[in-house]
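1. Prediction below, plus the sequence it came from.
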Amino acid sequence: MRHPYRELFFLLIITLVSSAHTYSCEMCGVHSGGNSISMIPQWCNHFASIQYQYNEYKTFENSGNTDASKTGASYYNKAVFLAGVRLSKSLQLLAVVPYQYNTRITVAAKNIYKGIGDITLVGTTTIFSRTNSLKQNLIAGAGVKTPTGHHDVNDSLLGLQPGTGSWDFLLYANYGVSKGNNGAIAEASYTFTLPDAAEYKFGNNLMAKLTYYYIFRSRKLQILPSGGVKYQYLLHDYVNYNKKWLDEGTGGSIMSLCIGARLQKGNTGLMLNTTLPLIQDYATGYAKAMPGFDVGLYVAF
């Protein structure tokens, strides 16, 4: 019988490569270039999946700034293709290829950015897997985000572009425990960012998440509802990393409620997840994340 923790692993991310879910504006500097690897079926040898992600963010005019272009909304639409190949019992390699269609609307203008984003490559390995009174798994991973997406250093809306123009590196750890149809997963990730060609550097990103799930089983179908809490902390951006010039209007933190479900029949599955911000302090309070969601399909081989 397949391990219930492994069956849910692909639902729970990291935003990590989103994301968690990320966003951008000229005020806050958080970027859209991160890729989610939230759909990773650890129980199969090989898999392919496609998901759609939607995020929306509001920005507000600074009381000391009369520029109307600083107030508006950003809409992020991302299609993500994810594929995995198992090289051994404990090692799996993943590739994440995103296509983005991002829109920012203000009183003064409407900006649209679209195209292939930054491709991410990730390797995960099982540190240990134990079965006694409880089933336990510890998985760790590391990866690199490549600067394949379009990135124009002369454009003021750097974060809306499909690419960040930088090589980024990430670390990830995931611990799962289950008994019967009940289970919980604790995970954390950290993304190290590098500067682009003009020395602009997006802030490093820390993510931690705790999720509970339950499995409803029938002869041919499984339904896995899940819920949890996610915390993200983003360091300030640098306008010029070489000179250590901080972008003071960037960075922040957010605590979100995450609710999801997966429907699986055989080796094919459908999943839906939503993220509901609870407490947030982005860009000194002048940016606000709205509820977001993602839906996807996967096939295991």
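-> It's in. Numbers count the residues shown, from 1 in each chain.

2. Can you tell me how far Gln51 is from Ser74?
-> From Gln51 across to Ser74, the span is 20 Å (Cβ to Cβ, to the nearest Å). Bear in mind the C-beta positions are built from the backbone N, C-alpha and C, glycine included.

3. When those two are compared, which one has more neighbours?
-> Here Gln51 and Ser74 are compared on neighbour count by other Cβ atoms under 10 Å; more neighbours surround Ser74, at 27 against 21.

4. Report the secondary structure state of that one.
-> Classification of Ser74 using DSSP: H, G, I helix; E, B strand; the rest coil returns strand.

5. pretty sure it contacts Tyr57?
-> Yes. Judged on Cβ atoms under 8 Å, Ser74 makes contact with Tyr57 at a distance of 4.8 Å.

6. Where does the prediction get shaky in the stretch 101-250 of the chain?
-> Judged against pLDDT under 70, the stretch 101-250 of the chain has no low-scoring part.

7. which ones are touching the closest residue to Ile254 other than its chain neighbours?
-> Using Cβ to Cβ, 6 or more residues apart in numbering and skipping the chain neighbours, the partner closest in space to Ile254 is Gln280 (4.0 Å). With contact taken as Cβ atoms under 8 Å, 6 or more residues apart in numbering, Gln280 is in contact with 252-255, 288-289.

8. How about Leu134?
-> When the contact criterion is Cβ under 8 Å, 6+ apart, the partners of Leu134 are 177-179.

9. between the residues you listed, which is closest to Phe202?
-> Each of those was scored against Phe202 by Cβ to Cβ, and Val177 proved nearest at 34.0 Å.

10. can you pull out the strands in the stretch 51-200 of the chain?
-> Across the stretch 51-200 of the chain, reading from the start of the chain, the strands by DSSP state E, counting those that start in this stretch fall at 72-86, 91-106, 110-116, 120-131, 135-145, 168-179, 182-192.

11. I'd like those strands written out as a markdown table, with distance to Tyr233 added.
-> Shown next, in a markdown table, are the strands of the stretch 51-200 of the chain (distance: least, Cβ to Cβ, whole Å):
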| stretch | distance to Tyr233 |
| --- | --- |
| strand 72-86 | 20 |
| strand 91-106 | 22 |
| strand 110-116 | 26 |
| strand 120-131 | 20 |
| strand 135-145 | 19 |
| strand 168-179 | 15 |
| strand 182-192 | 10 |
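
12. Tell me which of these approaches Val299 most closely.
-> Checking those against Val299 by Cβ to Cβ gives strand 72-86 as the closest, at 10.3 Å.

13. what packs against that closest one?
-> strand 46-59, strand 91-106 (3 or more Cβ pairs under 8 Å, 6 or more residues apart in numbering; DSSP states H and E).

14. For Leu272, which of those is the nearest?
-> Taking Cβ to Cβ as the criterion, Leu272 comes closest to strand 46-59 out of those, the separation being 9.9 Å.

15. Check which helices and strands that closest one sits against.
-> strand 72-86, strand 287-289, strand 292-300.

16. so which of those is the most packed in?
-> Taking mean count of other Cβ atoms under 10 Å as the contact definition, the stretch among the helices and strands packed on strand 46-59 with the greatest mean neighbour count is strand 287-289, which reaches a mean of 22.

17. does the residue nearest to Ile254 sit in a helix, a strand or a coil?
-> With three-state DSSP as the criterion, Gln280 reads strand.

18. Quick check: it vs Arg104, distance?
-> Gln280 sits 19 Å away from Arg104, taking Cβ to Cβ as the criterion.

19. With Tyr282 instead?
-> Note on Tyr282: its distance to Arg104, by Cβ to Cβ, is 16 Å.

20. of these two, who's got more company?
-> Applying other Cβ under 10 Å to Tyr282 and Arg104 shows that Tyr282 carries more neighbours, namely 26 against 23.

21. For the closest residue to that one other than its chain neighbours, give the beta-bridge partners.
-> In this structure, Tyr282 finds its nearest non-sequential neighbour in Gly252, 3.7 Å apart by Cβ to Cβ, 6+ apart. Residues in a beta bridge with Gly252, per DSSP bridges, are Leu234, Tyr282.

22. Please list all residues in contact with Gly252.
-> Neighbouring residues of Gly252 by Cβ under 8 Å, 6+ apart: 28, 30, 233-234, 280-284, 287.

23. again, only this time at 7 Å
-> 234, 281-283 (Cβ atoms under 7 Å, 6 or more residues apart in numbering).

24. Need the worst-confidence member of those.
-> Within the contacts of Gly252, the minimum per-residue pLDDT falls on Ala283 (77).
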